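In: Quick one, structure for this:
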Amino acid sequence: MEQCFAVLSVKKELACYDHAEERRWRHLGSCRFKTILIGRVPRVDCPEQGVKTVAVPWALPHSRFTIMFERFAIEVLLMTQTVKGAMTILRLQWDATWHIIERAVARGKARKEPSVLPRIGIDEKAFVKGRKYVSILYNLDNSTVEAIEEGHNTEAAKSCFSRLSQEQLKSVEVVAMDMSQAFVRAAKEMIPFAESKIVHDTFHIMKMANEAVDKVRSGEHSGEHSGEHKRLLKDGDDRLKGE
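Out: Got it, this is the predicted structure:
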């Protein structure tokens, strides 16, 4: 009698009960033609969990693609950097492409082991032509994304930080961010002693410094029309002269 391993909470060797209806899985193409695997998967009757379908070695449960095809699809997505571009090459629909991405992310998260995060960063990312934003928490040491949340306010940032364990939050030595007060508030609420760990990026610091210098030079800061720069020039001091 045929012996099978079924999709059970605990793997067991059981006798074949029957075969499920015919299924199809898309495999790697051959000579520019689609390759489809067709078969009826055995089922087993578990005394504890009832009739279950056997886990096939070439595909994940409920997937219409083989593991090899999904791996190839992810490589194409990484190379093209666009879902639409990958869809064209792979000849897939939007939903199917996103399902492949979701399964790949789930596999990666399942294999990922918790580790200390001494240097992290949090930033916002705009998409849909700036109409939507997400907050991204990432590991600065190896450039990996640790959490993503819709929005770019304090609650979104706190949600990102909450994905880390207490041990990981305690291990943070530096958290880099722009000068967003929402991110600052979230860090202070979620990370122990965050006040001494927050580091603002040089781009925004230099931008604010340049704007302050421009205001002083033009007189907007003091409210005087003559401007600080003009007063200094009268004394032969050109330190505020623009480059």
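
In: May I have the residues that are in contact with the most centrally placed residue in the chain?
Out: The C-alpha lying nearest the average C-alpha coordinate of the chain belongs to V145 (C-alpha atoms, centre = their mean; 4.8 Å). Residues in contact with V145 (C-beta atoms under 8 Å, 6 or more residues apart in numbering) are I136, L137, Y138, N139. Quick note: C-beta positions are derived from backbone N, CA and C, even for glycine.

In: so can I have CSV of those showing pLDDT, secondary structure and distance to S171?
Out: Formatted as CSV, these follow (pLDDT from 0 to 100; DSSP: H, G, I helix; E, B strand; the rest coil; distance: C-beta to C-beta, whole Å):
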residue, pLDDT, secondary structure, distance to S171
I136, 95, strand, 19
L137, 95, strand, 14
Y138, 93, strand, 15
N139, 94, strand, 11
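
In: quick one on the thing from earlier: using CSV, list the CA coordinates for the helix or strand hosting the residue nearest to the centre of the chain.
Out: Taking DSSP states H and E as the criterion, the element that holds V145 is strand 144-150. This file holds the C-alpha atoms of strand 144-150, laid out as CSV (Å, rounded to 0.1, in the frame of the first residue of the first chain):
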residue,chain,number,x,y,z
THR,A,144,17.6,44.8,5.8
VAL,A,145,14.0,46.0,6.4
GLU,A,146,12.7,45.1,9.8
ALA,A,147,9.2,46.5,9.7
ILE,A,148,6.8,48.5,7.4
GLU,A,149,3.7,50.3,8.4
GLU,A,150,1.2,52.5,6.5
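
In: and that strand, how far out from the chain's middle?
Out: 4 Å (C-alpha atoms, centre = their mean, to the nearest Å).

In: which parts of it are buried?
Out: E146, A147, E149 (16 or more other C-beta atoms under 10 Å).

In: now the residues you listed in JSON lines, with pLDDT and distance to K170?
Out: Shown next, in JSON lines, are the buried residues of strand 144-150 (pLDDT from 0 to 100; distance: C-beta to C-beta, whole Å):
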{"residue": "E146", "pLDDT": "91", "distance to K170": "15"}
{"residue": "A147", "pLDDT": "91", "distance to K170": "17"}
{"residue": "E149", "pLDDT": "93", "distance to K170": "21"}
